[in-house]
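S.K.: how would this look folded up:
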Amino acid sequence: MEKLIGEKKRVVVVGGGVAGSLIAKTLQNHTDVFLIDSKEYFEIPWTNLRSMVEPSFAERTVINHSDYLPNAHIVTSDATSITETEVVTAQGRVIAYDYLVIATGHVSSGAFSKTEKLSYYKTEQEKIKSADSILIVGGGPTGVELAAEIIVDFPDKKVTLVHRGSRLMEFIGEKASKKAFDWLTSKKVEVIMEQSVDLTSASNGVYETSGGEKITADCHFLCTGSRTGSSWLKETFLGESLDIHGRLMVDAKLRVKGYSNIFAIGDITDIPEIKQGYLAQAHASLAAKNLKLLIKGESERKMYSYKAGPAMAVVSLGRREGLAQIKCLTIVGRIPGILKSGDLFVGKTRKALGLKSSLS
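M.R.: Modelled structure (predicted):
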C-alpha cells in the first residue's frame with residue numbers, strides 16, 4: 001500500500017475527464033495529488049466529433065496528463081474498488097487517501113495513449129471520406145453534431161439520422177429541437193424519427209429500421225450515449241450512495257452525502273441539471289475551493305455551496321453555425337456558432353489547464 005507520509009494531505013482523484021483533470025491541476029501545488037485514470041491523456045470531450053472529420057484538430061484536444069500535471073502523481077489504471085481509506089486499482093496498487101474525489105463520469109472505451117487516439121481519428125476520417133452514404137443512429141447532441149460535422153465538410157455525402165424519440169435532443173426545449181431538425185433537413189440530411197435500427201441485422205450495407213424502412217449505407221455510427229461510470233462502486237461501501245440511475249448523491253458542498261472527506265463531481269453526480277462540460281468544470285472549481293479550506297483546517301461553515309446550473313445548451317452545427325438555448329431563448333445560426341463552433345472552446349479549456357491555447 002502507498003501510505004500517507006509527511007504533513008501534506010493526500011487527495012486522490014479518480015477519473016481524468018473534464019472535472020477530474022481540472023481539480024487535479026488546481027490542487028497539485030497545494031497538496032499531494034494522485035490522479036487515477038484508465039488512459040494516459042485527457043481529451044476535451046465535446047471536440048471529438050470535429051476530430052473525426054479533421055484529425056489534426058485532435059493535436060490540441062488530446063492532452064497527456066503529464067503535460068498539465070507536473071506536480072501530481074499519475075496512475076494509469078482503472079480504479080476497481082475503494083474502502084473508507086484507500087483506492088484499489090486494476091494493477092493491484094492500493095493508494096491511501098485523506099480526501100477522495102470521484103469524477104468517473106460516463107464509461108468510455110478505446111485508446112490508451114494519445115498516439116492511439118490520434119490514429120483512431122485518422123481511421124474514422126478515412127471511413128467517412130470513403131463512404132458515399134452514412135447512417136447515424138441516435139438523435140441526441142452527439143448524433144446531431146456528428147451529422148452536422150459530416151454534412152458541412154462533405155456536403156455530397158448521403159447522411160441519414162435515425163432517432164427513436166419523438167424529437168431530437170430531448171434534453172432541450174421543443175423549439176430548439178425543431179430548429180435542429182429544420183437545420184439538418186435544410187442540408188439534405190434525412191432524419192427518421194420514432195424508429196430504431198438493429199445494427200447487427202445489416203446485410204450488404206442495407207439496414208432495416210423498427211418501422212420496416214430499408215436504409216442503404218456504406219458505414220454507420222452509433223451515437224446513443226454511454227453508461228454512467230459507477231459500476232465499480234456498486235459492491236463498495238458507496239454502493240448505497242448511488243441513486244437509481246447510478247449517480248452519486250451529493251450535498252450542497254459536492255461531498256457524497258454522509259461523508260466529510262469524499263467528493264463527487266461532474267456527470268457522476270445526481271445534481272438535477274443538464275450534464276455538460278462547463279458545469280463539470282464549475283463542480284471542479286468549487287470542490288477545489290472546499291478542499292483547500294478543509295486542508296487548511298478551516299471551519300466547514302466557510303465552505304462554498306453549489307447551485308444547479310441554468311438550463312443552457314450550445315450545440316455545434318458544423319464549423320460556423322450552432323444552436324443555443326438559454327433559458328427561454330433559442331437561437332440558431334452564426335451567433336451561437338461564434339460562441340462554440342469555431343474553436344469549440346479548446347483555447348479556453350487548454351488555458352484552464354495552464355497550457356497555451358495553441359501548439360505553436
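S.K.: what about the closest residue to residue 326 other than its chain neighbours, neighbour count?
M.R.: Sequence neighbours aside, residue 312 is the residue nearest to residue 326 in space, at 5.0 Å (criterion: Cβ to Cβ, 6 or more residues apart in numbering). In short, each C-beta sits where N, CA and C put it, glycine included. Around residue 312 there are 16 other residues, counting by other Cβ atoms under 10 Å.
S.K.: Wait, residue 312 touches residue 328, no?
M.R.: No: under the criterion of Cβ atoms under 8 Å, residue 312 makes no contact with residue 328, lying 11.1 Å away.
S.K.: follow-up on the earlier one: if I look at the residue nearest to residue 326, how far off is residue 273?
M.R.: 10 Å (Cβ to Cβ, to the nearest Å).
S.K.: cool, residue 296 as well?
M.R.: Distance from residue 296 to residue 273, counting by Cβ to Cβ: 29 Å.
S.K.: likewise residue 213?
M.R.: If you go by Cβ to Cβ, the gap between residue 213 and residue 273 works out to 36 Å.
S.K.: Quick check on these two: which one has the bigger neighbour count.
M.R.: residue 273 (16 against 13).
S.K.: Pretty sure that one sits in a helix.
M.R.: No: with DSSP: H, G, I helix; E, B strand; the rest coil as the criterion, residue 273 is located in coil rather than a helix.
S.K.: Now it: phi and psi?
M.R.: phi -150, psi 160 (degrees, to the nearest 10).
S.K.: residues contacting it?
M.R.: Residues in contact with residue 273, defined by Cβ atoms under 8 Å, 6 or more residues apart in numbering, are 279, 308-309, 311.
S.K.: So which of those residues wins on neighbours?
M.R.: residue 279 (23 neighbours).
S.K.: Find the helix or strand that that residue is a member of.
M.R.: Counting by DSSP states H and E, the element that carries residue 279 is helix 277-295.
S.K.: Can you name every helix or strand that that helix contacts?
M.R.: Contacts defined by 3 or more Cβ pairs under 8 Å, 6 or more residues apart in numbering; DSSP states H and E place helix 277-295 against helix 18-27, strand 99-102, strand 262-264.
S.K.: Now mean neighbour count, mean pLDDT and distance to residue 46 too, for the ones you listed, in JSON lines please.
M.R.: What follows is these, written out as JSON lines (neighbours: other Cβ atoms under 10 Å; pLDDT from 0 to 100; distance: least, Cβ to Cβ, whole Å):
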{"stretch": "helix 18-27", "mean neighbour count": "27", "mean pLDDT": "98", "distance to residue 46": "9"}
{"stretch": "strand 99-102", "mean neighbour count": "27", "mean pLDDT": "98", "distance to residue 46": "22"}
{"stretch": "strand 262-264", "mean neighbour count": "28", "mean pLDDT": "98", "distance to residue 46": "21"}
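S.K.: Many thanks, have a good one.
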